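Q: coords please:
(one chain, ligands or ions: 1)
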Amino acid sequence: MDHPHPLGLAPIDRHNWQESLAVKVAPEQLPLVAGYEPVALLILAKAYIRPGDLEWEPLALISDGSVVGVVALAHSPTHTEVRHLAIDVSSQGRGLGSMAVELLLGHVSETRPTCQAVQLTVHPANERAQRLYRRHGFVPNGQMRDGEPIWVLDLKPGGPRSGTE
Ligand SMILES: CC(C)(COP(=O)(O)OP(=O)(O)OC[C@H]1O[C@@H](n2cnc3c(N)ncnc32)[C@H](O)[C@@H]1OP(=O)(O)O)[C@@H](O)C(=O)NCCC(=O)NCCS
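A: As a prediction, this is how the structure comes out:
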């Protein structure tokens, strides 16, 4: 990327959870990312409930010391799902979503050496998100989950990521 934004990834914890709850998407975007708001509240609930019996990892996206987005990773031993990626509406369209995907893929590669693939779902009407994920090497695998197509990025076990530019 020519002009990378300084963006960091941190666990949602007792220090930043209230700031994370303030992350909001536009009303028409909410059905694309979560059934409830704040998105961070849903993420934190799922980390407790553990849907799919996965290991949920609630994360804040931090730029210039402020939380600008939230996301969850949900891990099995061999796969990681990216769930509920939301950039605050006031910070969208500036490349933060793209940088967040890069950070997430790097984080998975570093912390999950047995992960073989990263998965997510995208609403067919969510053109911005589809463009974002396609650019980072994700492709639809022809399957559906919860009414949305599943997109996958295969990782080479023990080696550099495949499918990236
Ligand atoms: C989807 C989302 C995470 C993207 O984050 P972002 O910071 O707005 O995106 P970026 O600025 O990194 O841009 C990502 C891509 O979308 C494009 N884009 C930016 N604004 C756009 C717009 N208004 N319409 C269409 N495409 C747009 C960018 O050009 C970029 O494409 P490129 O990489 O080919 O140049 C963010 O918009 C968001 O939180 N949306 C609401 C929740 C949501 O839909 N989450 C995804 C669920 S799967």
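
Q: what does this structure put close to the ligand?
A: Contact residues, the chain versus the ligand (C-beta under 6 Å from any ligand atom): 25, 29, 32-33, 85-87, 92-98, 122, 126-129, 131-132, 135. (Glycine included, C-beta is placed from N, CA and C.)

Q: out of the residues you listed, which are inside strands?
A: 85-87 (DSSP state E).

Q: thinking again about what came up before, can I get the buried ones among the residues of the chain next to the ligand as something I can paste into ChimeraX?
A: In ChimeraX, this line selects whichever of the residues of the chain next to the ligand come out buried by 16 or more other C-beta atoms under 10 Å:
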select :25,29,32,33,85,86,87,92,95,96,97,98,122,126,129,132
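
Q: Select from the residues of the chain next to the ligand every entry located in helices.
A: Judged by DSSP state H, the residues of the chain next to the ligand include 32-33, 96-98, 127-129, 131-132, 135 as members of helices.

Q: Redo the residues you listed as CSV? Include pLDDT.
A: Formatted as CSV, those follow (pLDDT from 0 to 100):
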residue, pLDDT
Leu32, 94
Val33, 95
Leu96, 96
Gly97, 97
Ser98, 97
Glu127, 95
Arg128, 96
Ala129, 97
Arg131, 97
Leu132, 97
Arg135, 97
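
Q: OK, contacts around the residue of the chain found nearest the ligand?
A: Distances between the chain and the ligand by C-beta to the nearest ligand atom are smallest at Gly97, namely 2.0 Å. Gly97 is in contact with 69, 85, 87, 128-129, 132, counting by C-beta atoms under 8 Å, 6 or more residues apart in numbering.
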